[in-house]
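>>> Next one to model:
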Amino acid sequence: MGSLGRCLASLVFLATPAMAEDFDPASLDLATLIECRVDVPTYNGFALWLAGEPGAVDRLGWKEVPSGNPFLRQYQLPAPVHVFGRETTTIVFTATGPMAVLDGIVAPDLARQLSIPATVSTPDKFLGEKVVAESTEDTGGVSLATRITLNVSTVESHPGKTLAGCSYALDVK
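Residues are numbered from 1 along each chain as shown. Below is the predicted model of the structure:
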């Protein structure tokens, strides 16, 4: 498994191979993934396909570029994606989901526009998170907790940029 696979591994540990086999790359709507408009199984199916399918990045026309951050996998898109009323041709993946790399708006302003409360707001760092969906399902003595959050942040590796996107988390208790 490549570096993208390791980056996404924390998300897809419960995904079955069938989820990846069911994913059709022609159906990809990247904006819905970034804006938290899909559920965890839908995202996991995509993430498992992206991490496990040989040549998946090439099939999408994406080009991996250095992110300068060991926790982010960065891609240049062949065409802009429109998210949060803006467009970008650069995205990153965290361990839990995709984020758009945006120019022309500072993180606190975007967070306010999206009604995302700040958890850290200093001149050097911004982090904001809003829970979009949260649920727990108990099945046979196992509890599955699902949490989808919309995030806005800044990172040192991307000066002058705002990262905005979604975190899809599934926790087994």
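>>> Give me the helices and strands touching the longest helix along the chain, please.
If each helix of the chain is counted by residues according to DSSP state H, the longest one is helix 40-52. Counting contacts by 3 or more Cβ pairs under 8 Å, 6 or more residues apart in numbering; DSSP states H and E, helix 40-52 is packed against helix 3-12, helix 17-22, helix 56-60, strand 162-172. C-beta here means a position set from N, CA and C on the backbone, and glycine is covered the same way.
>>> what inclination does that helix have with respect to strand 162-172?
If you take axes from the mean of the first three to the mean of the last three Cα atoms, to 10 degrees, helix 40-52 sits at 100 degrees to strand 162-172.
>>> buried set for helix 40-52?
40-52 (16 or more other Cβ atoms under 10 Å).
>>> Same list (the residues you listed) but as JSON lines, adding distance to R147 and pLDDT.
What follows is those, written out as JSON lines (distance: Cβ to Cβ, whole Å; pLDDT from 0 to 100):
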{"residue": "V40", "distance to R147": "9", "pLDDT": "90"}
{"residue": "P41", "distance to R147": "14", "pLDDT": "88"}
{"residue": "T42", "distance to R147": "15", "pLDDT": "89"}
{"residue": "Y43", "distance to R147": "12", "pLDDT": "93"}
{"residue": "N44", "distance to R147": "13", "pLDDT": "90"}
{"residue": "G45", "distance to R147": "18", "pLDDT": "90"}
{"residue": "F46", "distance to R147": "18", "pLDDT": "94"}
{"residue": "A47", "distance to R147": "16", "pLDDT": "93"}
{"residue": "L48", "distance to R147": "19", "pLDDT": "92"}
{"residue": "W49", "distance to R147": "22", "pLDDT": "93"}
{"residue": "L50", "distance to R147": "21", "pLDDT": "92"}
{"residue": "A51", "distance to R147": "21", "pLDDT": "91"}
{"residue": "G52", "distance to R147": "24", "pLDDT": "91"}
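>>> out of those, who's nearest G97?
Closest approach to G97 among the buried residues of helix 40-52 (Cβ to Cβ): Y43, at 6.8 Å.
>>> which residues touch the residue lying closest to that closest one once chain neighbours are set aside?
Leaving aside its sequence neighbours, Y43 sits nearest to Y168 (Cβ to Cβ, 6 or more residues apart in numbering; 4.3 Å). The contact partners of Y168, taken as Cβ atoms under 8 Å, 6 or more residues apart in numbering, are L11, V40, Y43, N44, A47, T96, G97, I148.
>>> which one of the residues you listed is nearest I116?
I116 has its nearest neighbour among the contacts of Y168 in I148, at 13.2 Å by Cβ to Cβ.
>>> Looks like that closest one contacts E134 (just checking).
Yes: using Cβ atoms under 8 Å, I148 is in contact with E134, at 7.4 Å.
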